[in-house]
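Enquirer: structure, please.
(chains A, B and C)
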Amino acid sequence: MPELPEVETIRRSLLPLIQGREIIKTEILRPDVLINQDQRPLHGWKITDLRRRGKYLLIDLVQTADPAVGALLMVHLRMTGKLLYRTEEIEPTKHTHLRFSLKGKDVSWLDFEDVRRFGRVWLLPAFGELENPGLAGLGPEPLSAEWSPESFWDILQRRRAPIKAVLLDQTVVAGIGNIYCDEALFRAGILPGRPANSLSPEDAVRLQEAVRNVIKEGIGHRGTSFRDYVDGLGGKGYFQQCLQVYRRSGENCTVCGETIIKCKVAGRGTHICPHCQK
DNA sequence: CGAGGTACCTGACAGC
DNA sequence: TGCTGTCAGGTACCTC
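Expert: The predicted structure is shown next:
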């Protein structure tokens, strides 16, 4: 389940391999995953950069024939999506939905695969992120100064929903998913079901710090791999070794020894230590 | 506007 | 063995 650390790891693994390469061919094996809002062909583009915003990957393009003309290829992997770089052309599987051929000394391929087909790819005009509602509505990056204690506190005071629902709301802060949400709430010692506006200013500061730390550590460990997630070269992450509550129900809390329990909050599977979290 | 529910998908797994 | 039901969770969309 790619969240911010997983998407960032994919970005870092792919950038040096695809930057400067030209897309010479695009095979659309499953048209419904591609939203070609730009209506331009998907070849004759040179990749100038690979950026990330929240859980979105942003591939910046310029026309090979006219570098003054740009476009944006935007990817959201949702649950089970993968973006895989290959130096050998393998037979597409039933989960291979898009294949980009990249010109180079030898041709390489960038495959978009997604078992559950929740993931989407958009071709937008240059700087189209400003026009796309999903992207334009994103909250600040959790590791940026823009996500200030003051702005976070303002939002918390206005929301009665469970704090977990607020952390998962991408318009509040971008990139947090179920795994890092449960881990951050554990580290901050806060029960996920508590109304957001019941948090004290100290709770809010601790939670913000915990979010930043789990995100940073997640990136440092190249993401969390349970079953689906791999980086752009098929490599697994290893943050799953560091998880303290997520998928650990029935096991002992690493801090107090209490049994970790699983419940449902905001419609999501939620893992808590009933002793450490208040 | 906020909050809560559901649809979208497929595969893994539990239980009978 | 094979069937059925449930769960996994990111986001869009709907209703209240």
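Enquirer: what ranges do the strands span in the stretch 151-278 of chain A?
Expert: Assigned by DSSP state E, counting those that start in this stretch, the stretch 151-278 of chain A shows strands spanning A:261-265, A:268-272.
Enquirer: single out the most deeply packed of the ones you listed.
Expert: Ranked by mean neighbour count, the strands of the stretch 151-278 of chain A are led by strand A:268-272 with a mean of 20 (mean count of other C-beta atoms under 10 Å). All C-beta atoms are positioned from the backbone trio N, CA, C, and that covers glycine.
Enquirer: that older thread, could you dump the strands of the stretch 151-278 of chain A into TSV with distance to residue A:212 and mean pLDDT added?
Expert: Putting these into TSV (distance: least, C-beta to C-beta, whole Å; pLDDT from 0 to 100) gives the following:
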stretch	distance to residue A:212	mean pLDDT
strand A:261-265	22	93
strand A:268-272	20	94
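Enquirer: would you format those as CSV with distance to DNA strand B included?
Expert: Formatted as CSV, those follow (distance: least, C-beta to the nearest atom of the strand, whole Å):
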stretch, distance to DNA strand B
strand A:261-265, 9
strand A:268-272, 9
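Enquirer: can you list the ones you listed in CSV and add distance to residue A:160?
Expert: Converted to CSV, those look like this (distance: least, C-beta to C-beta, whole Å):
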stretch, distance to residue A:160
strand A:261-265, 14
strand A:268-272, 18
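Enquirer: ok, which of those comes nearest DNA strand C?
Expert: Evaluated with C-beta to the nearest atom of the strand, those place strand A:268-272 nearest to DNA strand C, the distance being 3.0 Å.
Enquirer: so which other helices or strands are in contact with the closest one?
Expert: Counting by 3 or more C-beta pairs under 8 Å, 6 or more residues apart in numbering; DSSP states H and E, the packing neighbours recorded for strand A:268-272 are helix A:163-168, helix A:178-188, strand A:261-265.
Enquirer: the ones you listed: which one's closest to DNA strand C?
Expert: helix A:178-188 (3.6 Å).
Enquirer: ok, and does the closest one reach over to DNA strand C?
Expert: Yes - Helix A:178-188 lies within reach of DNA strand C by C-beta under 7 Å from any atom of the strand, at A:178, A:179.
Enquirer: ok, now stretch A:266-278?
Expert: Yes - for stretch A:266-278 and DNA strand C, the contact criterion (C-beta under 7 Å from any atom of the strand) is met by A:268, A:269.
Enquirer: outside of that stretch, which residues touch it?
Expert: A:161-162, A:164-165, A:168, A:178, A:182, A:185-186, A:189-193, A:244-249, A:253, A:255-256, A:258, A:260-264 (C-beta atoms under 8 Å, 6 or more residues apart in numbering).
Enquirer: try 7 Å this time
Expert: A:162, A:164-165, A:168, A:178, A:182, A:185-186, A:189-192, A:245-249, A:253, A:255-256, A:258, A:260-264 (C-beta atoms under 7 Å, 6 or more residues apart in numbering).
Enquirer: ok, stretch A:164-181 next?
Expert: With C-beta under 7 Å, 6+ apart, stretch A:164-181 has contacts from A:1, A:3-4, A:53-55, A:137-142, A:147, A:155-156, A:159, A:184-185, A:192, A:196, A:211, A:214-215, A:218, A:224, A:246, A:265-266, A:268, A:270.
Enquirer: quick one: name the residues of chain A near DNA strand C.
Expert: A:1, A:3, A:54-55, A:76, A:78-79, A:116, A:118, A:133-134, A:168, A:170, A:177-179, A:262, A:264, A:268-269.
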